[in-house]
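Student: attaching a predicted model along with its sequence, questions to come.
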Amino acid sequence: MTTILNKGQLLETEQMFRDAGEQWPVIIPEEEIRQAAPVGKIFKSDLWVELLDIGRYALNDVGSGSHVHLSLWENGENVFMASGGHSKHGMSKVGEEFMAGVLNHLPSILAFTAPIPNSYDCIVPNMWSGAYQCWGKENREAPLRTACPPGVPNGVVSNFEIKAFDGCANPHLGLAAIIAAGIDGLRRHLSLPEPIGK
């Protein structure tokens, strides 16, 4: 499938691997994602590959997620990440307020990011999509979690992940809902509650 993606000149892939069930996560470079339009079908020679967008196709198996990572940038600098005096959670005040807005509006955001009944088959405990309205540090069960990728100083976070973003969601509307919620957090100077542990 990597060959199909690469030679079809649709997307370059960094890696692809078999996950649980029939899932095949495809890791795409950030630059490619910025330029790519949403792709529903991939064509190469006589082969069609249809992407199954539903979150969970079998209730006896884990689901598939379209998790979204967000950071905030200004003048080429990541302003989500704490710099100088670190905040309590390793992110800047701007980052905390933005993320607090997303957490506050999470039930409403789901109308855009989990748009069909099947979407909610994934948003249950032990499915890594976040069944509760909370956030955590590197907590894969929380619907919002801060991430600390390699190269980021210890104790500092560079972005956060939203788990409940179904493949059936319109990516433009889903991201718009998340950004609007984050902006509301900035305007109202919302605070994050304490994170939930793993």
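Tutor: All right, it came through fine.
Student: low-confidence stretches in this protein?
Tutor: 1-14, 16-66, 84-86, 120, 127-128, 150-151, 198 (pLDDT under 70).
Student: any chance you could map the strands in it?
Tutor: 15-16, 26-27, 41-44, 47-50, 68-70, 73-74, 77-78, 135-137, 144-147, 159-162 (DSSP state E).
Student: ok, residue 93 - contacts?
Tutor: Each residue near residue 93 by C-beta atoms under 8 Å, 6 or more residues apart in numbering is listed here: residue 87. Glycine gets a C-beta too; all of them are placed from N, C-alpha and C.
Student: since we're on the nearest residue to residue 156 once chain neighbours are set aside, how many residues are nearby?
Tutor: Setting aside the residues directly before and after it, residue 156 is nearest to residue 90 in space (C-beta to C-beta, 6 or more residues apart in numbering), at 4.6 Å. For residue 90, the neighbour count with other C-beta atoms under 10 Å is 21.
Student: so residue 90 versus residue 139, what's the distance?
Tutor: Residue 90 sits 14 Å away from residue 139, going by C-beta to C-beta, to the nearest Å.
Student: what residues go with each domain of the chain?
Tutor: 1-51, 59-198 (automatic domain parsing).
Student: helices or strands next to the longest helix along the chain in the packing?
Tutor: Secondary structure of the chain per DSSP state H: the longest helix is helix 171-188. In terms of contacts (3 or more C-beta pairs under 8 Å, 6 or more residues apart in numbering; DSSP states H and E), helix 171-188 is packed against strand 68-70, helix 93-104, helix 106-113.
Student: most packed of the ones you listed?
Tutor: helix 93-104 (a mean of 23; mean count of other C-beta atoms under 10 Å).
Student: now do that one and helix 171-188, the angle between them.
Tutor: Using axes from the mean of the first three to the mean of the last three C-alpha atoms, to 10 degrees, the direction of helix 93-104 lies 120 degrees away from that of helix 171-188.
Student: the inter-axis angle of helix 93-104 versus helix 106-113?
Tutor: Using the same axes, to 10 degrees: helix 93-104 against helix 106-113 is 80 degrees.
Student: so that it lines up with my notes, have the first residue be 3 from now on.
Tutor: OK, 3 is where the count begins now, so the last one is helix 95-106.
Student: dump helix 95-106 to CSV, keeping only the CA atoms.
Tutor: The C-alpha coordinates for helix 95-106 follow below in CSV (Å, rounded to 0.1, in the frame of the first residue of the first chain):
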residue,chain,number,x,y,z
LYS,A,95,-0.6,30.5,29.5
VAL,A,96,-1.9,31.0,26.0
GLY,A,97,-1.6,27.2,25.5
GLU,A,98,-3.5,26.5,28.7
GLU,A,99,-6.3,28.9,28.0
PHE,A,100,-6.7,27.6,24.4
MET,A,101,-6.8,24.0,25.6
ALA,A,102,-9.1,24.9,28.4
GLY,A,103,-11.6,26.3,25.9
VAL,A,104,-11.4,23.1,23.8
LEU,A,105,-12.0,21.0,27.0
ASN,A,106,-14.9,23.3,28.1
